[in-house]
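[1] Model the following, please.
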Amino acid sequence: MPRSACSRRTFLRSAASLAAASTAVPYCLPGHGIRAAESNSPNDRPHIGAIGVGGRGSGILQQAAEFGQVVAVCDADLARAEQAKARYDGKPDVYLDYRKLLERNDVDLVINGTPDHWHTAVNVAACRAGKDVYTEKPLTLTIDEGKTLCKVVEETGAIVQVGTQQRSERQFQTAVELVRNGRLGKLRQVWVALPYFSTKGGPFPTTPVPESLDWDLYQGQAPVHDYCRQRTHANFRWWYEYAGGIVTDWGNHHMDIAHWGMDCELSGPLSVEARGLFPNPKGTDYYNTPDRFFSRMRYPGGVELLYFVSLNERLRYGEVQEHARTTPEQVERLFGPDVPEEIKTFDRNGIMFLGEKGRIMVNRGGVYGKPAEELSENPLPDDAWKVYPNNNHMGNFFDCVKSRRQPASTVQIQHRTITACHLTNISLRLGRKLAWDPQTQQIVDDDEANAWLQRQQREPYGIDG
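    Residues are numbered from 1 along each chain as shown. Down below sits the predicted model:
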């Protein structure tokens, strides 16, 4: 082993042993320890291998580079990988095949910014290769992928942080603390509202594959299709072959906070009934995920969760045409007659917690409602339930790599979060209500629906669990 790798790993093991020996060390100290490591030789900083360095992958790699040294970058589009190399002074090695990157003994951890259909394969392989992982959300493409990943993380002892960064933002922590400490009284209902991102688009022409892109590798486990630019980069989210649309994309963020506040992070819904609006005709040359949906979920304790797109918050992402108009008839068909009118005209995204004593709304802009406004005069007592003190999601990951403590957003928690989103997609695609058993993680008495817990994987890109 090279001397630099030996020195770095000795440093990391020493830091982990020191943290384990002190029972007084808090769960996480944002920036503490990681920043101290920066004063050591660059060779003592954790070595980072980045897999998937396009839009979001590039962003999280930039965050990670504050805490470690980027030594390798990998992407199915070599042009993206070369761009990433240039951003780090041309020092990282470039790979097309992520498995070659994972063979390197001097790579300590992986930043996974691949498209959704590659998340689990890369995460499993990285854990099996002895690497810790920061992975983008949505965590998985299917529910069974989540079961596999949870098993692998448990078997390998890898530290895996999921990129649901809202867990490290104070307004979301405040909202969760208020709910779980009873400031709303008994929780009765939760609204999870997502933005309306249009997926109206197509037909898209087939075009030659760019020389820099390995199109077969990019498609991975997904079915083979002719190349069109709209199937790649930011737009992959709007194809069921590679993702789950808005239901799983933003859904992983907001559903996470809802589950956190409901204290059901390791459980899930008992039933799911969903409907969706698809703006395009069926065909392989159109985006094929819905851009508006409504899902009604029942949870233990009688809590109802209403999960939907906010029709009047119209945002854009990737290449889209105009938002499709939602007619009054479509609104009624989507939401049904017994949904509050406020939901049908909602113009924000976020999470609304409704209890017998009041309600609060939280999103990336802040936390709103009387219980939050009264905190300055009536703070939570010292013995109240509190979230772990953390305000830097990437910093928390690097701290946990050294201490070997669990990070703020674990695979076990986020598997349950994305399961609720996947069940919504299954329900709306089948057009019927599903009963879910959180213990067995099976849809009750519905063999056809249970077949949707996994997808056929194209060889040789199947996930090796």
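
[2] wait, isn't residue 185 in contact with residue 358?
    Yes - the pair residue 185 / residue 358 is scored as a contact, 7.4 Å apart, by C-beta atoms under 8 Å. For glycine as for every other residue, the C-beta is placed from the backbone atoms N, C-alpha and C.

[3] so residue 142 makes contact with residue 457?
    No - in this structure residue 142 lies outside contact range of residue 457 using C-beta under 8 Å: 9.6 Å.

[4] and residue 223, how many neighbours?
    For residue 223, the neighbour count with other C-beta atoms under 10 Å is 10.

[5] pretty sure it is in a strand, no?
    No - Residue 223 is assigned coil when assessed by DSSP: H, G, I helix; E, B strand; the rest coil, not a strand.

[6] and residue 185 and residue 358? which has more neighbours close in?
    For residue 185 versus residue 358, neighbours defined as other C-beta under 10 Å are more numerous around residue 358 (16 against 13).

[7] contacting residues around the more buried one?
    183, 184, 185, 369, 370, 371 (C-beta atoms under 8 Å, 6 or more residues apart in numbering).

[8] which one is the fourth one nearest to, not counting chain neighbours?
    Right, residue 369. Of all residues not flanking residue 369 in the chain, residue 360 sits nearest, at 3.6 Å (C-beta to C-beta, 6 or more residues apart in numbering).

[9] And for the fifth one?
    Beyond its immediate neighbours in the sequence, the residue positioned closest to residue 370 (C-beta to C-beta, 6+ apart) is residue 358, lying 5.5 Å away.

[10] Please apply the same query to residue 193.
    Nearest to residue 193 is residue 310, by C-beta to C-beta, 6+ apart, at 4.4 Å.

[11] Is that neighbour in a helix, a strand, or coil?
    Of the three states, residue 310 takes strand under three-state DSSP.

[12] same question, residue 285
    Assignment for residue 285 (three-state DSSP): coil.

[13] Show the contacting residues for it.
    Per C-beta under 8 Å, 6+ apart, neighbours of residue 285: 202, 203, 204, 205, 206, 228.

[14] residues contacting the second one?
    Translated: residue 203. 283, 285, 286 are the contacts of residue 203 under C-beta under 8 Å, 6+ apart.

[15] mind running it again at 10 Å?
    Contacts of residue 203 were listed using C-beta atoms under 10 Å, 6 or more residues apart in numbering, and they are 228, 280, 281, 283, 284, 285, 286.

[16] and the fifth one, how many neighbours does it have?
    Applying other C-beta under 10 Å, we find 16 other residues in the vicinity of residue 284.

[17] now swap in the fourth one and tell me
    Residues within reach of residue 283, counting by other C-beta under 10 Å, total 10.

[18] my read: it touches residue 201, true?
    No - using C-beta atoms under 10 Å, residue 283 makes no contact with residue 201, being 11.5 Å away.

[19] Need the CA coordinates for stretch 88-108. PDB is fine.
    Taking Å, rounded to 0.1, in the frame of the first residue of the first chain, the C-alpha atoms of stretch 88-108 are listed here in PDB:
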ATOM      1  CA  TYR A  88     -10.000  20.000  -9.800                       C
ATOM      2  CA  ASP A  89      -6.900  21.200 -11.600                       C
ATOM      3  CA  GLY A  90      -6.700  18.200 -13.800                       C
ATOM      4  CA  LYS A  91      -5.600  16.000 -10.900                       C
ATOM      5  CA  PRO A  92      -8.300  13.300 -10.600                       C
ATOM      6  CA  ASP A  93      -8.100  10.200 -12.800                       C
ATOM      7  CA  VAL A  94     -11.000   9.700 -15.200                       C
ATOM      8  CA  TYR A  95     -13.000   6.500 -15.500                       C
ATOM      9  CA  LEU A  96     -15.900   5.300 -17.700                       C
ATOM     10  CA  ASP A  97     -16.400   2.000 -15.800                       C
ATOM     11  CA  TYR A  98     -17.200   2.700 -12.100                       C
ATOM     12  CA  ARG A  99     -16.100  -0.800 -11.100                       C
ATOM     13  CA  LYS A 100     -12.500   0.100 -12.100                       C
ATOM     14  CA  LEU A 101     -12.700   3.200  -9.800                       C
ATOM     15  CA  LEU A 102     -13.900   1.000  -6.900                       C
ATOM     16  CA  GLU A 103     -10.900  -1.300  -7.300                       C
ATOM     17  CA  ARG A 104      -8.600   1.500  -6.100                       C
ATOM     18  CA  ASN A 105      -7.400   1.000  -2.600                       C
ATOM     19  CA  ASP A 106      -6.700   4.600  -2.200                       C
ATOM     20  CA  VAL A 107     -10.300   5.700  -2.600                       C
ATOM     21  CA  ASP A 108     -11.900   5.900   0.800                       C
END
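
[20] Let the chain start at 840 from now.
    Noted, 840 is the first residue going forward, which turns the last one into stretch 927-947.

[21] Give the buried residues for it.
    927, 931-935, 937, 940-941, 943, 945-947 (16 or more other C-beta atoms under 10 Å).

[22] how far does that stretch sit from the chain's center?
    Distance of stretch 927-947 from the chain centroid (C-alpha atoms, centre = their mean, to the nearest Å) equals 24 Å.

[23] go on, stretch 1167-1184?
    With C-alpha atoms, centre = their mean, you get 28 Å for stretch 1167-1184.

[24] returning to that earlier point: filter the contacts of residue 1197 down to just the buried residues.
    Buried among those by 16+ other C-beta under 10 Å: 1022, 1023, 1208, 1210.

[25] okay, those in JSON lines with distance to residue 966 and pLDDT next?
    Formatted as JSON lines, these follow (distance: C-beta to C-beta, whole Å; pLDDT from 0 to 100):
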{"residue": "1022", "distance to residue 966": "39", "pLDDT": "98"}
{"residue": "1023", "distance to residue 966": "39", "pLDDT": "98"}
{"residue": "1208", "distance to residue 966": "40", "pLDDT": "97"}
{"residue": "1210", "distance to residue 966": "40", "pLDDT": "96"}
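
[26] So which of those residues sit within helices?
    Counting by DSSP state H, the buried ones among the contacts of residue 1197 place residue 1210 in helices.

[27] Which member of the buried ones among the contacts of residue 1197 is positioned nearest residue 1245?
    The nearest member of the buried ones among the contacts of residue 1197 to residue 1245, counting by C-beta to C-beta, is residue 1022 at 26.9 Å.
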